[in-house]
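Visitor: Provide a 3D model corresponding to the input given below.
(chains A and B)
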Amino acid sequence: MKIIKQYIKRNVADETLLVPVGDSSKDFNGMITLRGIGEFIWDNIENVSSFEALVTKILDEYDIDEETAKSDSKEFISCLLKAGMVAYTQDNW
Amino acid sequence: MNEKIFYSLLRSGLWQRPLEIDFTDVTVKDWEQILQFSIKQTVEAIVFDALKYVPLNYQPPQKLFQYWEYLSQSVVKNNHKHRLLLNYITTRLQADIDLIPVLVKGLAIAEYYPTPELRVSGDIDLFYINEDDYDKANRQISSWGIHVEEGDLKESLCHINGIPVENHSELIKFHHILFAHNLEKKFHNIIKKDEGIISKNICGADCKVLSPELTIVHLVSHIHKHLLNEGIGLRQLSDIAIFLHANNKIINPEKLISLLRTFGFYRFANYIFSFCVSELKMPMSSLPYYINYEKYDFTDLLSEIAMTGNLGLKDERYLQRPEDKIGSKMFTARRALSNIRKFGKYSPWESWSWFIRLFVLRIGQMG
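Guide: Modelled structure (predicted):
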């Protein structure tokens, strides 16, 4: 997976704000806020080679069960794909 | 209203000091009025914070406490939204057009409160040193699909996520009948040089702020303007007390006195600083220079604060304002004149010039 648009990350209290800049801001003016696992996924999505590897990384970092990690990550990544913020670089990842 | 209890709670919240007051005779009605008064002055979350110092058996009734807690949490949530938006705007302006605005009032002052999130945040005020930058910022924000409304006084207003954002290319509107333009020019020139602007990270956002001395002049002029116009609340007065206290060691007294004298606010500032000590119980050592604060009488100011509250938005006297044009103008003129009689002596040139200009403007409008 790769992040296909340009965002600047800002930490505001316990939340992370993604601000669209450059070309990203031409078709998206919104404000995206991330918390907890959402931020973790955003930070690691380009550094893992598969969905399973991402889930393993989440399980190493957070005290949650595998099923929750999988379903939450799937839902979040699907939102990112729909918003055109990330794109596949290989089959299913 | 039990003012003694209200002011004790406010001071306690501002300075995080335990209360030294007897709550034995405080009634449910007193608590209700204290809450309403706190809201009118937009200090409800700061006063709520002070309830932690009230002995358990004297706490407000449960329902009222819960409602107050809800209001306080709303202030915190609203503040968080303001902080996110400040980050959003400053990041985008910097990335898109390499522009870093100067944050004034509100969030720039909230930082100095014991718990910044508890200070009610009304809007985000951004100042641009050059008029070109002001125009660029307005154009850029418009290009994000946001409606920017330009006003008459070199300021614009837009709403982003429901939060008002004001862009300014002028910070203080002077009214001096002879030298208003010169004073405005002078103030602007001082901002541009002599370390008038400082870079600062506020709530994660890369911003610029005014130097402490200029911030004080700006806050004092803001209080002056609202006191003569629609009214003043305790939030604005708390702001200056908190700022003086927090910046006590870095404020240059000579520089501050010189600025206040130049712009005609020296005596008015002394009056306001003295209020901070006498009524808000700011430590005397936080005064930027020696002031004989005990010589002032604050009966009129306390009564004005009680009547008008935050920017006069809940002033019951406005209900008596006649609806016809002439009657309405006369009402405003009488009100302005009454305030000048009470407070104009501390800044005679600015106050009377303001009144004359207002009078001339209104006559012109009627013609």
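Visitor: C-alpha from now on. contacts and neighbour counts both.
Guide: Noted.
Visitor: roughly how far out does stretch B:68-75 sit from the chain middle?
Guide: 21 Å (Cα atoms, centre = their mean, to the nearest Å).
Visitor: got it, and stretch B:72-90?
Guide: Relative to the centre of its chain, stretch B:72-90 is centred 18 Å away, using Cα atoms, centre = their mean.
Visitor: Next one: the closest residue to residue B:181 other than its chain neighbours from residue A:5, what distance?
Guide: If the residues on either side of it in the chain are set aside, residue B:181 comes closest to residue B:174, at 7.4 Å by Cα to Cα, 6 or more residues apart in numbering or on different chains. The gap separating residue B:174 from residue A:5 is 47 Å, by Cα to Cα, to the nearest Å.
Visitor: Of these two, which one has the most company?
Guide: More crowded of residue B:174 and residue A:5, by other Cα atoms under 10 Å in any protein chain shown: residue B:174, with 21 against 15.
Visitor: Downstream of the helix or strand of chain A with the lowest mean pLDDT, the next helix or strand is which one?
Guide: Of all helical and strand segments in chain A, the minimum by mean pLDDT, DSSP states H and E falls on helix A:24-27, at a mean of 72. As assigned by DSSP states H and E, the chain's next helix or strand after helix A:24-27 is strand A:32-34.
Visitor: residues of the following helix or strand past that following strand that come out buried?
Guide: Note on strand A:32-34: by DSSP H and E, the next helix or strand toward the C-terminus is helix A:36-44. By 16 or more other Cα atoms under 10 Å in any protein chain shown, the buried positions in helix A:36-44 come out as A:37, A:39, A:40, A:41, A:42.
Visitor: If we check chain B, which of the residues you listed are in contact?
Guide: Among the buried residues of helix A:36-44, proximity to chain B is found for none (Cα under 8 Å from any Cα of the partner chain).
Visitor: Now pLDDT too, for these, in CSV please.
Guide: Converted to CSV, the buried residues of helix A:36-44 look like this (pLDDT from 0 to 100):
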residue, pLDDT
A:37, 90
A:39, 92
A:40, 94
A:41, 95
A:42, 94
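Visitor: Of those, just say which sits nearest to chain B.
Guide: Using Cα to the nearest Cα, the shortest approach to chain B within the buried residues of helix A:36-44 belongs to residue A:39, at 15.6 Å.
Visitor: got a list of what that closest one touches?
Guide: residue A:16 (Cα atoms under 8 Å, 6 or more residues apart in numbering or on different chains).
Visitor: how close does it sit to residue A:31?
Guide: 14 Å.
Visitor: give the contact list for residue 76.
Guide: Chain wasn't specified; assuming chain A. Neighbours of residue A:76 in contact, by Cα under 8 Å, 6+ apart: residue A:38.
Visitor: my bad, chain B
Guide: B:117, B:118.
Visitor: Let's see that with 10 Å instead.
Guide: Residue B:76 sits next to B:45, B:70, B:82, B:115, B:116, B:117, B:118, B:119, B:120, B:121 when contact means Cα atoms under 10 Å, 6 or more residues apart in numbering or on different chains.
Visitor: same question, residue B:249
Guide: If a contact means Cα under 10 Å, 6+ apart, then residue B:249 has B:286, B:288 as its contacts.
Visitor: mind checking pLDDT for it?
Guide: Note on residue B:249: pLDDT of 95.
Visitor: which SS class is it?
Guide: Taking DSSP: H, G, I helix; E, B strand; the rest coil as the rule, one finds residue B:249 in the coil state.
Visitor: burial count for the residue in the stretch 251-367 of chain B that chain A sits nearest to?
Guide: Residue nearest to chain A within the stretch 251-367 of chain B: residue B:310 (27.7 Å; Cα to the nearest Cα). Counted by other Cα under 10 Å, the residues lying close to residue B:310 total 24.
Visitor: hang on, the earlier thing: is the least confident helix or strand of chain A positioned near chain B?
Guide: Yes - counting by Cα under 10 Å from any Cα of the partner chain, contacts between helix A:24-27 and chain B involve A:25, A:26, A:27.
Visitor: in that helix, what's buried?
Guide: Those would be A:24, A:25, for helix A:24-27 by 16+ other Cα under 10 Å.
Visitor: ok now that helix, how far from the chain's centre?
Guide: Between the centre of helix A:24-27 and the centre of its chain there are 18 Å (Cα atoms, centre = their mean).
Visitor: hmm, who's touching that helix?
Guide: So helix A:24-27 is in contact with A:4, A:5, A:6, A:7, A:19, A:20, A:84, A:85, B:92, B:96, B:143, B:144, going by Cα under 10 Å, 6+ apart.
Visitor: Would you mind writing the CA trace of the longest helix along chain A as PDB?
Guide: Taking DSSP state H as the criterion, chain A has its longest helix at helix A:66-82. Provided in PDB are the C-alpha atoms of helix A:66-82 (Å, rounded to 0.1, in the frame of the first residue of the first chain):
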ATOM      1  CA  GLU A  66      -6.600 -10.600  16.600                       C
ATOM      2  CA  GLU A  67     -10.200 -10.600  15.400                       C
ATOM      3  CA  THR A  68     -10.800  -7.000  16.500                       C
ATOM      4  CA  ALA A  69      -7.400  -5.900  15.000                       C
ATOM      5  CA  LYS A  70      -8.400  -7.500  11.700                       C
ATOM      6  CA  SER A  71     -11.900  -6.100  11.500                       C
ATOM      7  CA  ASP A  72     -10.900  -2.600  12.600                       C
ATOM      8  CA  SER A  73      -8.000  -2.400  10.300                       C
ATOM      9  CA  LYS A  74     -10.000  -3.700   7.300                       C
ATOM     10  CA  GLU A  75     -12.700  -1.100   8.000                       C
ATOM     11  CA  PHE A  76     -10.200   1.800   8.400                       C
ATOM     12  CA  ILE A  77      -8.200   0.800   5.200                       C
ATOM     13  CA  SER A  78     -11.400   0.500   3.200                       C
ATOM     14  CA  CYS A  79     -12.200   4.100   4.300                       C
ATOM     15  CA  LEU A  80      -8.700   5.300   3.200                       C
ATOM     16  CA  LEU A  81      -9.200   3.600  -0.200                       C
ATOM     17  CA  LYS A  82     -12.600   5.100  -0.700                       C
END
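Visitor: got the angle for that helix vs helix A:36-44?
Guide: 60 degrees (axes from the mean of the first three to the mean of the last three Cα atoms, to 10 degrees).
Visitor: distance between helix A:66-82 and the chain's centre?
Guide: A distance of 9 Å separates the centroid of the chain from that of helix A:66-82, by Cα atoms, centre = their mean.
Visitor: cool, and stretch B:297-312?
Guide: Worked out by Cα atoms, centre = their mean, stretch B:297-312 lies 14 Å from the chain centre.
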